[in-house]
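# this is the structure alone, sequence omitted:
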């Protein structure tokens, strides 16, 4: 048996970053690309003050967010008609296929741990440019 393909535990030190389709820069974490995961990705995101993502959704994949520090505003819904503020210590769930747009409207960075049921995090991202103008920040 070839042991090079046997699943094993891995440590990832989030040092490198990548630019997501959403317009934010993420710290590389757990994904198909970094560790060969099959059903999940998890990474860190720090939004600087004034940062805003592009309106988007994740097709067929759920998202769980834990805010480590700061706060993030998120507009969500078919026309981004709903608004919530996620504070440090709180968790947020975004169902698959729900349009959303997060932004950091504060004067401090906002850092969050994000997990999705898509091991190839960026493959399920669908940009919704027709919704971007609905939110003014």
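Yep, that arrived. What you are looking at is a predicted structure, and each value in this text was computed from that prediction instead of being measured.

# in this structure, which residue is most central in space?
Nearest to the geometric centre of the chain sits residue 114, at 5.2 Å (C-alpha atoms, centre = their mean).

# for it, give me its contacts.
Shown in contact with residue 114 (C-beta atoms under 8 Å, 6 or more residues apart in numbering): 26, 42, 43, 44, 45, 63, 64, 65. No exception for glycine: its C-beta is placed from N, CA and C like everyone else's.

# between these, which is closest to residue 121?
Using C-beta to C-beta, residue 43 comes nearest to residue 121 of those, at 7.0 Å.

# residues contacting that closest one?
Contact analysis of residue 43 by C-beta under 8 Å, 6+ apart lists 14, 26, 27, 28, 29, 30, 31, 113, 114, 121.

# before we move on, back to that, let me have the contacts of residue 114 in TSV, extended by distance to residue 89.
Shown next, in TSV, are those (distance: C-beta to C-beta, whole Å):
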residue	distance to residue 89
26	21
42	18
43	19
44	16
45	16
63	18
64	15
65	12
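
# out of those residues, which sit inside helices?
Secondary structure assignment (DSSP state H) places none of those within helices.

# quick one: residue 120 and residue 31 touch, right?
Yes. Contact between residue 120 and residue 31 holds when scored by C-beta atoms under 8 Å: they sit 6.8 Å apart.

# shared neighbours of these two, anything?
residue 41.

# which stretches of this structure have low pLDDT?
For the chain, residues meeting the criterion pLDDT under 70 lie at 1-5.

# quick revisit: ok, the nearest residue to the residue nearest to the centre of the chain once chain neighbours are set aside to residue 79 distance?
Leaving aside its chain neighbours, residue 114 sits nearest to residue 65 (5.2 Å; criterion: C-beta to C-beta, 6 or more residues apart in numbering). Distance, residue 65 to residue 79, using C-beta to C-beta, to the nearest Å: 21 Å.

# so for these two, which sits in the more crowded spot?
Shown here are residue 65 and residue 79; by other C-beta atoms under 10 Å, residue 65 has more neighbours (20 against 11).

# the more buried one pairs with what?
residue 92, residue 114 (DSSP bridges).
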